[in-house]
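S.K.: sharing a sequence plus its predicted fold:
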Amino acid sequence: MKKEDVQILEESWLHRSFLKLKYYQLRHKLFTGGWSGILRRELISRPRVAGVLPYDPVLDKVILIEQFRPGALASENPWLLEVVAGIAEGEESLEALVHREIQEEAGLEALELKLMYDYWASPGMCDEKVALFCARVDASHAGGIYGLAEEGEDIRVHVLSSAEAFALLDTGRVSNAMSLIALQWLRLHGDVFEKRT
């Protein structure tokens, strides 16, 4: 099946603010032939997103950031350990986005980038597509508090050995999809960057 196998009967905006909510009436072809009934769906609409896991292969250090997330208010601790991430502005490339965000949120420079995955975050309810990178960094002076005050960011940088980061993953302390994916990828592909000094 392909995009041409979907008929959009109605499309309208329900809300446009920090999040944008779109309404659809649509139908699609069925695997058994014919067409589905009319489906009514709301969809959160988001620009392209990129995340990046900063990693120093020389020091074997992983950088995670910690910040408040309202979506985790139901948990005991709504301050989550995460990879660096952001939303593309205008025609900004994903690579430019990663370079900008790693500086704003962690005070680091991405010396080399490796694309891990490009995936749909939650396609049953959102059109957000995430490009996830690993960045080779120099973590020798990493740490501190970062973020843009005008965006309400208050971000603490954590510098961890890969073993410490994987332990946080295994104990459930790292509990958001982007960071889970990134750390599992690093566990499998930790030798992706040449260990240059």
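M.R.: Perfect, I can see it now. Since the model is a prediction, treat every value here as computed from it, not as a measurement.
S.K.: give me the below-cutoff pLDDT ranges for this structure.
M.R.: Applying pLDDT under 70 to the chain flags the ranges 195-197.
S.K.: mind jotting down where the helices sit in it?
M.R.: 94-106, 162-170, 177-189 (DSSP state H).
S.K.: contacts only, for residue 36.
M.R.: Going by Cβ atoms under 8 Å, 6 or more residues apart in numbering, residue 36 touches 27, 28, 29, 30. Quick note: C-beta positions are derived from backbone N, CA and C, even for glycine.
S.K.: ok, the residue most central in space within the chain - contacts?
M.R.: Central residue of the chain (Cα atoms, centre = their mean): residue 51, 4.2 Å from the mean position. By Cβ under 8 Å, 6+ apart, residue 51 lies in contact with 83, 84, 85, 130, 131, 132, 133, 178, 179, 182.
S.K.: swap in residue 27?
M.R.: Contact analysis of residue 27 by Cβ under 8 Å, 6+ apart lists 6, 7, 9, 35, 36, 37, 38, 39.
S.K.: cool, residue 192 as well?
M.R.: Taking Cβ under 8 Å, 6+ apart, one finds 57, 114, 134 in contact with residue 192.
S.K.: let's see 10 Å
M.R.: By Cβ atoms under 10 Å, 6 or more residues apart in numbering, residue 192 lies in contact with 55, 57, 112, 114, 116, 134, 136, 185, 186.
S.K.: any idea how many residues pack against residue 110?
M.R.: Neighbours of residue 110 under the rule other Cβ atoms under 10 Å: 21.
S.K.: how close does it get to residue 189?
M.R.: Going from residue 110 to residue 189 by Cβ to Cβ, to the nearest Å gives 17 Å.
S.K.: what's the closest non-adjacent residue to the residue nearest to the centre of the chain?
M.R.: In this structure, residue 51 finds its nearest non-sequential neighbour in residue 85, 3.9 Å apart by Cβ to Cβ, 6 or more residues apart in numbering.
S.K.: and the one you found, how many neighbours?
M.R.: Residues within reach of residue 85, counting by other Cβ under 10 Å, total 24.
S.K.: repeat for residue 168
M.R.: Neighbour tally, residue 168, other Cβ under 10 Å: 19.
S.K.: also the one 10 residues further on?
M.R.: Neighbouring residues of residue 178 were enumerated by other Cβ under 10 Å; the total is 22.
S.K.: that one and residue 83 touch, don't they?
M.R.: Yes: counting by Cβ atoms under 10 Å, residue 178 touches residue 83, with 5.7 Å between them.
S.K.: overlap in contacts of these two?
M.R.: Residues touching both residue 178 and residue 83 by Cβ under 10 Å, 6+ apart: 50, 51, 52, 53, 132.
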